[in-house]
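A structural model of the following input is requested.
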Amino acid sequence: MDNRKLVRSSTDSYIMGVFGGLGERTGIDSTILRIIFVVLTVPTLNIFLVVLYFIVGFIMPTDDETDRTAGRPNEPFDSDSF
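As a prediction, the model looks like this:
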């Protein structure tokens with residue numbers, strides 16, 4: 001069984017990274033998932049799916065947050081990068 005958690009992607013993200021994380025978890029291309037979402041949402045004006053997307057986006061942790069909670073060292077702060 002796959003032990004990876006479902007997390008938002010910080011690299012494959014257009015709005016919140018929900019479909020990027022879902023694509024990484026399931027092995028389905030995130031672009032395909034986004035197209036399916038648009039096809040289901042736009043023609044039917046299904047606001048419920050849009051609200052559900054944002055709820056899931058706020059509940060799901062990002063992959064950066066899961067790295068921090070797993071005890072992996074973060075990169076040091078570099079003030080010159082700003």
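
Please count neighbours and contacts with C-alpha atoms only from this point.
Fine.

Okay, helices next: where are they in this protein?
Counting by DSSP state H, the chain has helices at residues 18-26, 30-41, 47-59, 63-69.

chain center to the second one: distance?
Relative to the centre of its chain, helix 30-41 is centred 14 Å away, using Cα atoms, centre = their mean, to the nearest Å.

Go through it and flag the buried ones.
Along helix 30-41, these residues count as buried under the neighbour rule (16 or more other Cα atoms under 10 Å): Ser30, Leu33, Arg34, Val38.

Any stretches of this structure with poor pLDDT?
Scanning the chain for pLDDT under 70 picks out the ranges 1-3, 65-82.

number of nearby residues for Ser13?
Using other Cα atoms under 10 Å, the number of residues around Ser13 comes to 14.

Got phi/psi on it?
Main-chain dihedrals, Ser13, degrees, to the nearest 10: phi -140, psi 130.

now Thr11
Dihedral angles for Thr11 - degrees, to the nearest 10 - are phi -100, psi -40.

Thr41 contacts Tyr53, correct?
No: between Thr41 and Tyr53 there is no contact under Cα atoms under 8 Å: 10.9 Å.

any chance of the helices of the chain in CSV, plus distance to Arg4?
Output for the helices of the chain, formatted as CSV (distance: least, Cα to Cα, whole Å):
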stretch, distance to Arg4
helix 18-26, 7
helix 30-41, 17
helix 47-59, 17
helix 63-69, 10
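
Let me know which of these is tucked in deepest.
With neighbours defined as mean count of other Cα atoms under 10 Å, the helices of the chain peak in mean count at helix 18-26, which reaches a mean of 20.

Run the chain-centre distance for it.
6 Å.
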